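Colleague: dropping the sequence and predicted coords here.
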Amino acid sequence: MEQPRLVASDVDGTLLTPLESVSPRTAEVVSRVLAADVPFVLATGRPPRWIPRIAAEAGLDGLAVCANGAVLYDIGRDEIVWARTLSPVQLNDIAAAVDSVLDDCTYAVELVGTPRDELTFVAELSYTHPWPEGPHSGLTRAETLGRPATKLLVRHSGMTSAEMASAINEVLRGEVDLTFSTNSGLIEMSVHGVTKASGLADVAERFGVAPEHVIAFGDMPNDVEMLRWAGHGVAMANGHEAAKAAADEVTGPNAEDGVAMVLERWF
């Protein structure tokens with residue numbers, strides 16, 4: 001591959017170290033990418049509210065594809081460029097379908113909003129996070145699913161995410177896009193056809209870059225479509241087997257600056 005004209009990277013397990021920081025080596029190569037007038041785009045399952053700290057460490061102020069492709073966020077302007085949302089009717093229909101095959105699931109939703117907005121995440125009272133995060137305001141099921149959302153989160157603390165996906169896929173039949181970025185009992189759902197690849201395709205078009213000139217990095221099933229779409233998809237050595245199978249190349253783990261290892265060929 002010639003020097004990429006656009007770089008896209010997942011965040012957790014990919015760009016970040018296991019301590020959830022951007023290493024000096026990675027930050028340096030990101031700065032060289034930008035100095036070469038090549039856009040560096042974050043493509044993550046994270047909502048916009050979790051982007052500013054990472055962007056500051058990496059020296060980024062451009063566009064970020066968030067919520068697995070459901071939101072395009074302008075970091076520097078702190079603005080939502082666009083959002084693809086599930087309606088309350090869809091959210092309730094999905095929850096009913098999931099409840100028909102799995103017991104004890106709890107629900108949360110990501111709402112459209114920037115880091116300055118007070119309400120961007122709501123959840124049922126019984127919902128528990130699979131990662132460290134502050135407490136949330138517990139709501140009823142009706143309140144949780146009662147407004148448009150960019151992402152529906154389904155939690156089951158007694159199952160793996162892969163086990164949940166296998167059961168849920170049988171009843172949803174492709175009506176929404178289902179994926180996961182951790183195997184700790186959390187499924188993420190968005191509007192059908194919305195993936196990191198679809199969000200990144202919009203960004204690439206804005207910059208006039210064809211897919212074959214894009215390099216993308218990822219580590220989990222929610223990166224698979226993006227790795228296949230990009231001209232050169234790179235999976236992390238620490239990544240899920242589905243990501244590795246979809247990639248053109250497997251680099252070192254995030255603990256050893258796997259993203260930087262590849263980008264240093266050109267920058």
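Modeller: All right, it came through fine. Numbers count the residues shown, from 1 in each chain.

Colleague: give me the most central residue, this protein.
Modeller: What sits nearest the mean C-alpha location of the chain, by CA atoms, centre = their mean, is Gly45, with 1.8 Å.

Colleague: could you dump stretch 222-241 to CSV, C-alpha only?
Modeller: In CSV, the C-alpha atoms belonging to stretch 222-241 read as follows (Å, rounded to 0.1, in the frame of the first residue of the first chain):
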residue,chain,number,x,y,z
ASN,A,222,-17.6,-3.9,16.1
ASP,A,223,-14.5,-3.1,13.9
VAL,A,224,-15.1,-6.0,11.4
GLU,A,225,-17.1,-4.0,8.8
MET,A,226,-14.6,-1.1,8.9
LEU,A,227,-11.6,-3.4,8.5
ARG,A,228,-13.2,-5.0,5.5
TRP,A,229,-14.2,-1.6,4.0
ALA,A,230,-10.8,0.0,4.2
GLY,A,231,-8.2,-0.5,1.6
HIS,A,232,-5.9,-1.9,4.3
GLY,A,233,-7.5,-3.2,7.5
VAL,A,234,-5.2,-3.9,10.4
ALA,A,235,-6.2,-5.9,13.5
MET,A,236,-4.4,-5.9,16.8
ALA,A,237,-2.6,-9.0,18.1
ASN,A,238,-4.7,-8.6,21.3
GLY,A,239,-7.9,-8.5,19.2
HIS,A,240,-10.9,-10.8,18.8
GLU,A,241,-10.5,-13.6,16.2
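
Colleague: in that stretch, what's buried?
Modeller: For stretch 222-241, the neighbour count (16 or more other CB atoms under 10 Å) marks 222-236, 238-240 as buried. Where you see a C-beta, it was placed from the backbone N, CA and C, and this is true even at glycine.

Colleague: where do the helices sit along the stretch 101-250 of the chain?
Modeller: Applying DSSP state H, counting those that start in this stretch to the stretch 101-250 of the chain gives helices spanning 141-144, 161-172, 196-207, 224-229, 241-246.

Colleague: as JSON lines, those helices with mean pLDDT would be great.
Modeller: As requested, those are exported to JSON lines (pLDDT from 0 to 100):
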{"stretch": "helix 141-144", "mean pLDDT": "94"}
{"stretch": "helix 161-172", "mean pLDDT": "92"}
{"stretch": "helix 196-207", "mean pLDDT": "98"}
{"stretch": "helix 224-229", "mean pLDDT": "98"}
{"stretch": "helix 241-246", "mean pLDDT": "98"}
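
Colleague: and the lowest-mean-pLDDT helix or strand in the chain, what does it pack onto?
Modeller: Between all helices and strands in the chain, the lowest mean by mean pLDDT, DSSP states H and E belongs to strand 138-139, at a mean of 78. Secondary structure elements in contact with strand 138-139, counted by 3 or more CB pairs under 8 Å, 6 or more residues apart in numbering; DSSP states H and E, are strand 121-124.

Colleague: picking up where we left off before, can you lay out the helices of the stretch 101-250 of the chain as TSV showing distance to Asp257?
Modeller: Shown next, in TSV, are the helices of the stretch 101-250 of the chain (distance: least, CB to CB, whole Å):
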stretch	distance to Asp257
helix 141-144	39
helix 161-172	27
helix 196-207	22
helix 224-229	19
helix 241-246	18
